[in-house]
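S.K.: Sharing a model prediction with you, sequence too.
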Amino acid sequence: MSKILRSPAEIIESRSDPDEGYKHFSRGLTGILMTLVLVPLIILSILMHHQYKQLLQSKELDQLILNLELAQSTIEKFVAELQSVIKFVAPHNQYQQFLDPRELEALFVRLKGEYPGFADIEIIDSLGMQKSYYGPYQLEGHNYTDQTWYKEVILHGAYISTIFSGFRDVNHFVIAVRVENPEQKSDWVLRVTIDEKTLQNFVDTTSTSYSYADDIYLIDSFGIAQTEPRKYGTIGEECLLCNIQGTANKSLAKAIADRDTKGMEIVEKAFKGQQVLHATAELANTPWRLVLVKEQYLFAHAWVLFKIKLITIFLCCTIVAVIVILQISSAITSHIRESDNKQKKILAEIQHTNKLASIGRLAAGVAHEINNPLAIINQKAGLVQDFIEISGGCEHQKSMEDALDGIQNSVERCKTVTHRLLGFARHTEVKTDEIDINVLVREVIDFLAQEASYNQIRIDFDLDQNISTIFSDRGQLQQVFLNITNNAIDAIGKNGHITMSSRQVDQETIQIGITDNGPGIPPEVKQRIFDPFFTTKETGKGTGLGLSISYGLVKKLGGNINVISEVDKGTQFEITLPVTQPQQDLETNERHETVNN
């Protein structure tokens with residue numbers, strides 16, 4: 001997975017835009033989840049489609065084979081019945097009797113009474129000569145010795161012909177049976193001609209009985225239609241489907257093999273843009289094959305409904321999966337982004353803390369080194385003042401006294417700076433007092449009221465009167481509020497206002513806000529405002545220690561400081577303090593003080 005989908009950190013390293021890195025990660029994660037969900041769904045849908053189709057085809061083929069077998073059996077029984085009747089009415093001892101035209105006519109009348117489709121009847125001797133005939137045609141005296149059908153009946157004992165017109169010029173077929181004559185030790189043949197309509201009517205009746213088929217008809221071995229097809233040809237001509245190559249279908253072949261049906265063939269054929277099932281079966285002891293044509297599956301409606309349901313379920317599952325995957329990808333990416341931001345923030349705080357510690361140690365060393373020369377300068381300046389007073393005055397005494405005052409004021413200023421540096425570097429002991437934060441805020445503003453008034457800056461108060469008193473260090477809080485408020489006054493310059501606010505966050509926490517309507521802090525500056533010695537003021541107007549010292553003091557008191565600023569709209573410092581400083585923090589501060597001492 002790590003090779004397929006790189007982590008956001010790796011992507012961000014290779015790209016200049018972090019957001020683009022997270023977008024790339026989200027797209028990659030979405031693609032993988034889509035693949036893991038949709039590929040099995042597609043495979044499952046294809047398998048369901050295939051299995052259900054096979055099930056319907058199996059049922060369809062079972063139905064088709066069943067109807068084909070029933071029709072085959074019915075027609076075979078009908079033809080066998082005709083053949084049996086003819087054999088039954090031709091006993092071997094009545095040859096001489098049937099040579100009489102009247103006896104033959106009587107026999108024909110009986111047969112025609114049972115089967116109106118009988119056209120004529122004739123008696124043929126062992127030499128192939130017609131000996132007696134009854135019917136509507138002039139066919140007496142024919143010699144059938146060279147006829148194929150005669151040779152077949154002599155050889156096999158019975159013969160059924162295909163449909164033909166012959167001398168009669170009427171479509172008919174012939175059933176001929178060989179009858180043994182023991183008295184003359186020779187055989188004779190009874191030949192009956194049956195009108196094609198008899199076979200057609202029976203096939204039509206069969207087609208009506210088995211309404212499953214769209215067409216049922218008979219063909220001979222050459223594909224010539226022996227009965228009239230409803231759609232696929234004309235009687236006496238080659239069937240339309242016979243010249244069309246069938247499509248191999250393993251399901252069809254397996255279904256036929258499972259039924260162990262001999263002489264049966266089922267193939268799919270395309271006819272006029274439509275797929276049809278073309279089933280044929282041999283009719284035993286006849287020259288015909290039964291043809292059954294099915295244009296549409298019996299379960300076509302069920303198949304269409306199944307496909308609609310399957311597609312609907314697939315689309316619904318796909319849509320739901322896509323929505324869920326997008327939500328999951330977005331949530332995971334947001335979580336990773338948030339974790340990365342928190343990690344960066346923690347690393348930045350650690351780096352800032354380390355920087356403060358390093359600069360604090362440096363500041364402490366610098367302060368100690370500066371304090372010694374300052375003490376000497378201050379001492380020497382005082383000595384010079386003593387000399388002036390002892391000497392009783394001189395010509396330029398006033399100028400010298402003013403210069404000495406300037407030196408001492410500068411020394412005091414330097415002492416103040418070094419004191420701040422030492423305070424920044426050391427963990428001074430926290431003196432815990434019960435403090436009304438509203439009163440403390442007003443006291444701090446009283447120190448700055450004159451300067452604010454001089455710059456025409458209005459200071460407003462929005463203090464929560466029900467705020468809890470806190471236990472903290474009064475002096476250090478005063479220094480924090482003074483530093484931040486001073487910065488706000490410097491940022492505004494002239495004509496502005498500052499709002500001092502307080503509110504109860506919860507039972508254990510309060511928040512003090514210092515808001516100004518100054519020029520705001522640019523994002524690139526905002527990242528560094530708590531760095532020691534970082535300042536945007538002109539040279540000589542700031543040391544860059546105010547906010548860094550304030551940051552350290554708030555952290556030491558167990559609180560937190562946050563800055564909200566927008567260019568041209570002002571800046572708000574939010575100082576969060578605990579109501580009661582944890583005992584653990586007090587013990588830690590005491591240990592630090594002991595170690596430093």
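M.R.: Looks like it arrived, so ask away.
S.K.: now the stretch 451-597 of the chain, which segments are flagged as low pLDDT?
M.R.: Counting by pLDDT under 70, the stretch 451-597 of the chain contains low-confidence residues at 532-546, 581-597.
S.K.: just the helices in it please.
M.R.: 474-492, 523-526, 546-556, 583-596 (DSSP state H, counting those that start in this stretch).
S.K.: for the stretch 1-150 of the chain, same thing?
M.R.: 8-13, 18-88, 95-98, 101-114, 148-156.
S.K.: same for the longest helix along the chain, what does it pack against?
M.R.: Longest helix in the chain by number of residues, with DSSP state H as the criterion: helix 300-391. Contact here means 3 or more CB pairs under 8 Å, 6 or more residues apart in numbering; DSSP states H and E; on that basis helix 300-391 packs against helix 8-13, helix 18-88, helix 397-425, helix 546-556. C-betas here are computed from N, CA, C, even on glycine.
S.K.: now the last one and helix 300-391, what's the angle there?
M.R.: Spelled out, that is helix 546-556. Helix 546-556 and helix 300-391 meet at an angle of 110 degrees, taking axes from the mean of the first three to the mean of the last three CA atoms, to 10 degrees as the criterion.
S.K.: Next, the angle from the longest helix of the chain to helix 18-88.
M.R.: 170 degrees.
S.K.: how does the protein divide into domains?
M.R.: Here the domain parsing of the chain from automatic domain parsing is 22-298, 428-597.
S.K.: Find out how far the first one is from the centre of the chain, if you would.
M.R.: I take that to be domain 22-298. 55 Å (CA atoms, centre = their mean, to the nearest Å).
S.K.: Could you do the last one as well?
M.R.: Averaged C-alpha coordinates place domain 428-597 at 53 Å from its chain's average position (CA atoms, centre = their mean).
S.K.: out of the helices of the stretch 1-150 of the chain, nearest to residue 454?
M.R.: Nearest to residue 454 among the helices of the stretch 1-150 of the chain is helix 18-88 (46.1 Å), distances taken as CB to CB.
S.K.: burial measure for residue 438, as a count.
M.R.: Neighbourhood size, residue 438 [other CB atoms under 10 Å]: 17.
S.K.: got a list of what it touches?
M.R.: Residue 438 sits next to 463-465, 467, 502 when contact means CB atoms under 8 Å, 6 or more residues apart in numbering.
S.K.: now it: how far from residue 495?
M.R.: Per CB to CB, to the nearest Å, residue 438 is found 27 Å from residue 495.
S.K.: do the same with residue 512
M.R.: Per CB to CB, residue 512 is found 25 Å from residue 495.
S.K.: neighbours of residue 76, just the number please.
M.R.: 18.
S.K.: Please report the confidence value the model assigns to it.
M.R.: pLDDT, residue 76: 89.
S.K.: returning to what we had before: out of the domains of the chain, which comes closest to residue 365?
M.R.: Of all the domains of the chain, domain 428-597 comes closest under CB to CB, at 13.8 Å.
S.K.: if I pick the closest residue to residue 516 other than its chain neighbours, what's in contact with it?
M.R.: Take residue 516 and drop its neighbours on the chain: the residue closest to it by CB to CB, 6 or more residues apart in numbering is residue 488, 4.1 Å away. Listed by CB under 8 Å, 6+ apart, the contact set of residue 488 reads 498, 514, 516, 518, 571.
S.K.: Using CSV, please lay out those together with neighbour count.
M.R.: Shown next, in CSV, are those (neighbours: other CB atoms under 10 Å):
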residue, neighbour count
498, 24
514, 22
516, 25
518, 22
571, 24
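S.K.: how close does residue 568 get to residue 519?
M.R.: Note on residue 568: its distance to residue 519, by CB to CB, is 6 Å.
S.K.: more neighbours, these two?
M.R.: Legend: neighbour count by other CB under 10 Å for residue 568 and residue 519, higher for residue 519 (16 against 8).
S.K.: In this structure the more buried one contacts residue 525, no?
M.R.: No: between residue 519 and residue 525 there is no contact under CB atoms under 8 Å: 10.8 Å.
S.K.: Common neighbours of the two, please.
M.R.: If you check residue 519 and residue 525 against CB under 8 Å, 6+ apart, no residue is contacted by both.
S.K.: Need the winner for burial among the helices of the stretch 1-150 of the chain.
M.R.: The highest mean neighbour count among those, using mean count of other CB atoms under 10 Å, belongs to helix 95-98: a mean of 18.
S.K.: Just the C-alphas of that one, formatted as CSV.
M.R.: Extracted as CSV, the C-alpha positions of helix 95-98 are listed here (Å, rounded to 0.1, in the frame of the first residue of the first chain):
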residue,chain,number,x,y,z
TYR,A,95,-54.5,-61.4,-51.8
GLN,A,96,-56.9,-63.0,-54.3
GLN,A,97,-59.9,-61.4,-52.7
PHE,A,98,-58.3,-57.9,-53.0
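S.K.: for it, packing partners?
M.R.: Judged by 3+ CB pairs under 8 Å, 6+ apart, helix 95-98 is in contact with helix 101-114.
S.K.: Residue 468 - how many residues pack around it?
M.R.: 15.
S.K.: Neighbours of the closest residue to it other than its chain neighbours, how many?
M.R.: Spatial nearest neighbour of residue 468, excluding adjacent residues (CB to CB, 6+ apart): residue 579 at 5.2 Å. Residues contacting residue 579 under the criterion other CB under 10 Å number 18.
S.K.: again with residue 274
M.R.: 9.
S.K.: is it true that it touches residue 295?
M.R.: Yes: in this structure residue 274 lies within contact range of residue 295 using CB under 8 Å: 6.4 Å.
S.K.: closest one to residue 162 among the helices of the stretch 1-150 of the chain?
M.R.: Across the helices of the stretch 1-150 of the chain, closest to residue 162 is helix 148-156 (CB to CB), at 10.0 Å.
S.K.: residues contacting residue 163?
M.R.: Neighbour list for residue 163: 171-173, 196, 199, 220, 226-227, 235-236 [criterion: CB under 8 Å, 6+ apart].
S.K.: quick one: which of these is most hemmed in?
M.R.: Comparing the contacts of residue 163 by number of neighbours (other CB under 10 Å), residue 226 comes first, having 27 neighbours.
S.K.: quick one, phi psi at it?
M.R.: Dihedral pair for residue 226: phi -100, psi -20, per degrees, to the nearest 10.
S.K.: what about the nearest residue to it once chain neighbours are set aside, neighbour count?
M.R.: Closest residue in space to residue 226, ignoring its immediate chain neighbours: residue 218 at 4.0 Å, by CB to CB, 6+ apart. Residues near residue 218, counting by other CB under 10 Å, number 26.
S.K.: so residue 218, which of the three states?
M.R.: Assigned with DSSP: H, G, I helix; E, B strand; the rest coil, residue 218 falls in the strand class.
S.K.: Name the surrounding residues that touch stretch 283-291.
M.R.: With contacts defined as CB under 8 Å, 6+ apart, stretch 283-291 is touched by 68, 71-72, 75-76, 79-80, 83, 158, 160-162, 215-221, 226, 229, 239, 241, 278-282.
S.K.: Student question: in the protein, what's the helix or strand with minimum average pLDDT?
M.R.: helix 583-596 (a mean of 46; mean pLDDT, DSSP states H and E).
S.K.: Comparing the helices and strands packed on helix 300-391, which yields the minimum mean pLDDT?
M.R.: helix 8-13 (a mean of 58).
S.K.: So residue 222: helix, strand or coil?
M.R.: coil.
S.K.: For it, list the residues it contacts.
M.R.: Taking CB under 8 Å, 6+ apart, we find residue 222 in contact with residue 238.
S.K.: Residue 461 too?
M.R.: When contacts are counted by CB under 8 Å, 6+ apart, residue 461 touches 441-442, 445, 499-501.
S.K.: Quick one: buried ones out of these?
M.R.: Neighbour-count burial (16 or more other CB atoms under 10 Å) is assigned, among the contacts of residue 461, to 441, 445, 499-501.
S.K.: Specify which member of those residues is nearest to residue 313.
M.R.: Using CB to CB, residue 501 comes nearest to residue 313 of the buried ones among the contacts of residue 461, at 59.3 Å.
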